[in-house]
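Enquirer: here's my sequence, what's the structure:
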Amino acid sequence: MATGTLPLVVSRYKVPLTLFILIYTDILHCQQFIIPFKAPSNCSVDEFFDISSLSCVSCGPNQRRSTTGLSCICKTGYQTVITDKASITCQQCPTDKPAVTKGGFGCIRCPGSLSDEGECKCPQGNILVERDVNGNLLDEARCETCNGNAPALSVPNSSGARYVSIQYNTLIHPVFSNLTACQALGNMCVMNMHSFSGVSTDACGLFNTIFRSKAALMDSKHFGYSFNRRGNLPWLYYGDEPGLASRVLQTDPVPIGFSFRGRNKLLAAVYNVRGEFLRWESVGGGNLQLCPETTNKLAAAFSFGTAYKQSVSVSSLCVSLSLSLSLSPLFYDVFMDLGGGENRKLLPLPTLVYNQQYNGRFINQESMKNWYLSRRMFLVDTLSGREKSTSRPKVIRVASSVKIRFQLVPRTQEGKVFPPLMIVTYRDIPISDSNSKTVSTTFAVEYEMDQNEARMKTDTALGVMGGVAVLYSLLKTVSWKRRIASPLIDAETMLKFMLFYAGDLANVFFTVTVGTGLYWLIFYKAQQFVSVLLPLPAQEEQFVTYIGCAFALKAVQFLHKLILQVSVDIFFIDWERPRSKTSRTVQGFSIFSLSLYFAPSPVSIWRTYFVANEWNEIQTIRKISPTFQIMAVLFFLEVLGFSNLALRDPWPTLERLSQAYTPSHSLILRYGVAATLWLCIGLLQMIYFTVFHEHFVEDKIRQFVDLCSISNISMLLLSHRCFGYYIHGRSVHGHADTNMEEMNNNMKRESESLCGQRGLLPNTDTQTFQVSLTNRLRSQYDRIREPISRRSGPSRLIDAGSANQFEQNSRGYHTMNHFLGSIIDHAHPDMDYIVKDKLMFERVVGMEFLEPSEKSIFYNDEAHSFSDVLFYGNEATLLIFDTLFFCVVDLGSQSFVLAAVLTYVQQMIFRLIRNTFGRKNLVNKTLVDERFLI
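Expert: A predicted model of the protein is given here:
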C-alpha cells in the first residue's frame, strides 16, 4: 500500500516529486497492492499493530506492547526519550529517581511507594503532583490532600487555573509522526471528500504538505509503494498521473478466480474520527448501508454475479438513529479477502469519490484518464456541519450512493476479474427544526465486462445482413416493376424500394436482437465457469435502440401490407347461365303465357353474396389463435416463472423465495425470454394448425376454394396492376343454382369420378393460379371497370334517384363478367393465356422471369398463394409485429401483463381496421351490396 502525491505547489519539491512520479509509474506496472492480513491479536508479545500499515511491527529495545496492542510503551522503570515515526526510544531511570512520571517522559523520586507500572503512588484522598505552577518537573513528587470541592484537581497554576498535565508533543509531534494524529488528519481530509487545490490550507492541503515533506527526506530506494515513504500517514490517494486509474483498474487481475457459487469476501479496517483503529470488520451485514434491509437480502449483495441494488429514503431521523448507535463517524478502509489460510492476503479496493474536486473541478465525473483514485470512506458525517463541538449539526453529509463494481478480464475462462472499484457519492442533508429532510441512499454491486467485442460482432452482423437486405429489397422492387408493367424508375419506385427495405431491415434487426438475447440468456445462465457477464443497464441502450428500430420498421411494413390488402382488385366471375322455365299447368295458355313458358329464368345473385360473405369472413383469419398466443405467453412468464430467467443473477431457476432478494431485470434477457417464448409458441401453433388442424378439423382456405367450385363462381384477385391470383370455381356440373336433390346427386357423381375434374385444364385438379397479365388485357379490364369505380357508394334499390347509376353499374358488372369469362374460355385470341408451372428459383425469389408480352401466363399454384392478400398469408409479418409490440411495451413498462393486454387491444384494433376497409373495398370492387354482407 502507498499513497501518491498531490499536485505540486511548492517549487523546491519539484525535482524530487518529478523523479518520484517517474519511478512511481514504472513500479505500478509490476507491483500489486496485496498485503498479508494481520490483526492486533496476530502480533507477538514483542510486536504492536501498526494502524497505518496494518501490519505487526517489532517493538524497540526495553519496550513492550501496550494493553491495546496498537503501540509500544517503555518497560517499567524506563522513560520515553523521543518519539520518531512508529518507534520510541526508552531510557532507564537513574537509581535516585526510580519512578516514571504519568506522561512517561521523565523520571522522579516518589514520596511513597511505587505502583506496578513504576509510577509514584499516593494514599487515597490525595493526588500526585509532579510539576510546579510553571509546569517544570519537580525532583521529588508530592502527595497533596484533595479538598471537597475538587476531589481530582487541587493545585492551581500561575494564572489561577487548575492544572491538567498534557504532553503536547504526544498529540502533535514536530515531524508529524504520531500514529493517531496522522490518521485523524486523514479522516478530516476524507470528510472533505478528498477535495484539494494547489494552494489549499485545509485538511487535505495539510496532508499533502506533510506527505511532500516526508517524500523529500526519502532517497530513491524508498520510492514506490513502500510504507516507509508514507511514515504514519494513512493511504488516501493513489496518485495524480493521467491514465493512472486505468492501469490500476485494468492491468493486473485479482490473483484468484470467481464462480457463481462463490461470495465476495470483503473486510474493512474501521477507524473512529480520532484516528484510532477500532477493529477489522467483515463487510456484508449492512455496515456499508444506511437503514439496511433484512439479513437474506443483505447477503445477496455479496453473492458473485448477482447484480444488487437497494435504495431507501433516509431522513435525518434515520441518521440520528445511526448516530445513537455510533456516536462518532466511522471510517472504512475496504479490502478484498483473497483467502490463503494462514497466509491470508488482502487486496485494497480503490475508491472513486464522485464529488471529489481539484481546483473547483469535479475530476471524477470526467473520463477515466482524469480520475483520482483514493482510499477510505465514511457513511455519515455529523461533525463538519457543527459550529461548535456540542451544538447540533446544521448539515449532515451522507454517502448517498455506494457502488462496488467488478470488471471481468476479457476472454477469461476462470472467472478472473480486475481489482474491484468502489464508487462513492456524498450528499448533504440540511437539518432544520421544523421538518426533517430526506435523501435517497443506494448501495449497489455491479458486474461488467468489456462489451466492445460483442458490440463489434453485433454491428458486423447488422452490416452484413443489412447489405443482403438491400439486395433482397432491390429484387423485390424489380419484381414489383415487372408486375405493374412499368419500366421507368421514378419517385414511386424509390418509395416502393424504401418500403420493401423497411420490412427487410426490420427482419434483420429482429433476427440480430433475438439472437443476441438468446446468446446472453444461454451463455450467461448456463455457464459453468465465469466467462461472460451481462451488459450494464447503460450498455443496453444501444440494444434497446435496435429493438425500437425493428419495431418502427416492422410497423411500416405491416401498414404497407395492410394498405395493399384493402386496395386489391377483386371480381367474382359467375359461370351460371339462365335455364328455361317449366310450368306444371298448361291449361288455357295464351301467346303471352307461352312466351313466359319458354323465357329463361334470371340467374340468382345469392351465390355471389354467399361467396362474398365467406371471403369477407376469411380476410382476418390467421394461422394461429391470437388469444391463445397471449394467454400461453402470459402463463409461461408469470405463472410458471419464466420471467425469473431475466433477473440479473446467474441462477437459471424459475421459482424464487418471497423473502429472498430479487435483483432487477436485464432488458436483454427480458427481451430474449419474451421474444423466444412468443416465437416458440407461435411456431408450435403454426405447426399444429398446418399439420393437424387444417387436415383433420378445418381448412378455411381450401374450403373457400371448394365453395367457389360448388357455387360455380371464379374469383380474380389483382394485387398488382398486371399480377394477381385466379381461383377457378367453374362447376363441372354446369349449374350450381339447383335444388338439394340435384346438388347431392352432383356431389355423388363427383366423388365417384363420373364427371370431369375441377381444374382449369382438362383432366387436372388445379384450381388456384398466379396470373401474370398482359398490358393489353389490363387496359381492357380498366376500361370496363371505369363505370364501376366511379360509383360513390352502395346503391339503394328503392332510391329512384340512384336508378340510373345502378343500371350503369349493373351493365358494367355484366360486361366485366362476360369479358373475364370469355378470357378464361380463350375467346379473345389477342388476349389469350397459357398455363405453366413456375420454376423453383422463381418461387424462391418471388419474381417471374417471363414477361407476358403477347399472352398472359397462368402459373399453377398448389400452395394457394392468393392468401397473401389475407392476414393468413402474412402470418410471419404479423407474428413478428406482435412479438415486437409486446416486447416494446414490456420494456417500457416492465410489466408483462400490461404488454399482453395492450397487444390484445392492438390486435383487435387492426383486425377491425382490416375488416372495415376490406369490406368497403369488396363492396366497391365487386358491386356486392353492403347490406348483404354479414
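
Enquirer: CA only for contacts and neighbour counts going forward, please
Expert: OK.

Enquirer: which ones are touching the residue nearest the centre of the chain?
Expert: For the chain, residue 667 is the residue whose C-alpha lies nearest the centre (C-alpha atoms, centre = their mean; 3.5 Å). By C-alpha atoms under 8 Å, 6 or more residues apart in numbering, the contact list for residue 667 reads 537, 540, 544, 646, 891.

Enquirer: residue 39 too?
Expert: Per C-alpha under 8 Å, 6+ apart, neighbours of residue 39: 49, 54, 55, 56, 280.

Enquirer: for the closest residue in space to the second one that isn't next to it in sequence, give its distance to residue 58.
Expert: This points to residue 54. Nearest residue to residue 54, sequence neighbours excluded (C-alpha to C-alpha, 6 or more residues apart in numbering): residue 38, at 6.6 Å. Per C-alpha to C-alpha, to the nearest Å, residue 38 is found 13 Å from residue 58.

Enquirer: before we move on, what about residue 400?
Expert: To residue 58, residue 400 is 41 Å away according to C-alpha to C-alpha.

Enquirer: quick one, which of those two is more surrounded?
Expert: Using other C-alpha atoms under 10 Å as the criterion, residue 400 and residue 58 rank with residue 400 on top: 23 against 20.

Enquirer: ok, residues contacting stretch 520-531?
Expert: Here stretch 520-531 makes contact (C-alpha under 8 Å, 6+ apart) with 258-260, 408, 411-416, 532-534, 645-646, 650-652, 668-669, 672-673.

Enquirer: so which of these belong to helices?
Expert: Secondary structure from DSSP state H places 668, 669, 672, 673 of the contacts of stretch 520-531 in helices.

Enquirer: thought the first one was touching residue 538?
Expert: No. Taking C-alpha atoms under 8 Å as the contact criterion, residue 668 and residue 538 are not neighbours in contact, 11.7 Å apart.

Enquirer: quick one: which of those two has more around it?
Expert: More crowded of residue 668 and residue 538, by other C-alpha under 10 Å: residue 668, with 27 against 7.

Enquirer: could you check how far that one is from residue 519?
Expert: Residue 668 is 10 Å from residue 519, by C-alpha to C-alpha.

Enquirer: what does residue 549 give?
Expert: Using C-alpha to C-alpha, residue 549 is found at 20 Å from residue 519.

Enquirer: would you agree residue 405 falls within a helix?
Expert: No. Judged by DSSP: H, G, I helix; E, B strand; the rest coil, residue 405 forms no part of a helix; its state is strand.

Enquirer: residues in contact with it?
Expert: Counting by C-alpha under 8 Å, 6+ apart, residue 405 touches 420, 421, 422, 423, 445, 446, 447, 448.

Enquirer: ok, for it, nearest residue in space, not its chain neighbours?
Expert: residue 446 is the one closest to residue 405 (C-alpha to C-alpha, 6+ apart), at 4.7 Å.

Enquirer: is the one you found in a helix, a strand, or coil?
Expert: strand.

Enquirer: I'd guessed it sits against residue 308; true?
Expert: Yes. Counting by C-alpha under 8 Å, residue 446 touches residue 308, with 6.8 Å between them.

Enquirer: who has more neighbours, the two?
Expert: Set residue 446 next to residue 308 and count neighbours by other C-alpha under 10 Å: residue 308 wins out with 25 against 22.

Enquirer: so the more buried one touches residue 301, yeah?
Expert: Yes. The pair residue 308 / residue 301 is scored as a contact, 5.2 Å apart, by C-alpha under 8 Å.

Enquirer: so which residues of the stretch 1-150 of the chain form helices?
Expert: Here the stretch 1-150 of the chain has its helices, by DSSP state H, counting those that start in this stretch, at 14-28.

Enquirer: where does it have low pLDDT?
Expert: The stretch 1-150 of the chain contains residues with pLDDT under 70 at 1-32, 82-87, 148-150.

Enquirer: contacts only, for residue 355.
Expert: By C-alpha under 8 Å, 6+ apart, the contact set of residue 355 is 193, 362, 364, 365, 425, 426.

Enquirer: ok, of the residues you listed, which come out buried?
Expert: 193, 364, 425, 426 (16 or more other C-alpha atoms under 10 Å).

Enquirer: which of these fall within strands?
Expert: 425, 426 (DSSP state E).

Enquirer: max pairwise distance over the buried ones among the contacts of residue 355: which two?
Expert: Maximum pairwise distance among the buried ones among the contacts of residue 355 (C-alpha to C-alpha): 12.8 Å, between 364 and 426.

Enquirer: pull up the overlap in contacts between the two.
Expert: Common contacts of residue 364 and residue 426 (C-alpha under 8 Å, 6+ apart): 353, 354, 355.

Enquirer: among those, which one lies nearest to residue 864?
Expert: Nearest to residue 864 among those, counting by C-alpha to C-alpha, is residue 354 at 65.8 Å.

Enquirer: how much space is there between the closest one and residue 371?
Expert: Residue 354 sits 9 Å away from residue 371, going by C-alpha to C-alpha.

Enquirer: and if you look at residue 289?
Expert: From residue 289 across to residue 371, the span is 25 Å (C-alpha to C-alpha).

Enquirer: picking up where we left off before, so which of the contacts of residue 667 is the most crowded?
Expert: residue 646 (25 neighbours).

Enquirer: partners of residue 724 in the sheet?
Expert: Residue 724 has these beta-bridge partners by DSSP bridges: residue 771.

Enquirer: and it, how many neighbours does it have?
Expert: Number of residues near residue 724 (other C-alpha under 10 Å) recorded here: 24.

Enquirer: need the contact list for it.
Expert: Contacts for residue 724 (C-alpha under 8 Å, 6+ apart) come out as 716, 717, 718, 770, 771, 772, 866.

Enquirer: recalculate using a threshold of 10 Å.
Expert: The contact partners of residue 724, taken as C-alpha atoms under 10 Å, 6 or more residues apart in numbering, are 483, 568-570, 716-718, 769-773, 858, 865-866, 868-869.

Enquirer: find the nearest non-adjacent residue to residue 614, please.
Expert: residue 704 (7.1 Å).

Enquirer: list the buried ones in the helix or strand where the one you found lies?
Expert: Taking DSSP states H and E as the definition, one finds residue 704 inside helix 700-711. For helix 700-711, burial by neighbour count (16+ other C-alpha under 10 Å) applies to 700, 701, 704, 705, 706, 707, 708, 709, 710, 711.

Enquirer: residue 285 touches residue 268, doesn't it?
Expert: No. Using C-alpha atoms under 10 Å, residue 285 is not in contact with residue 268, being 11.9 Å away.

Enquirer: compare these two (neighbour count), which wins?
Expert: Comparing residue 285 with residue 268 by other C-alpha under 10 Å, the one with more neighbours is residue 268, at 22 against 17.
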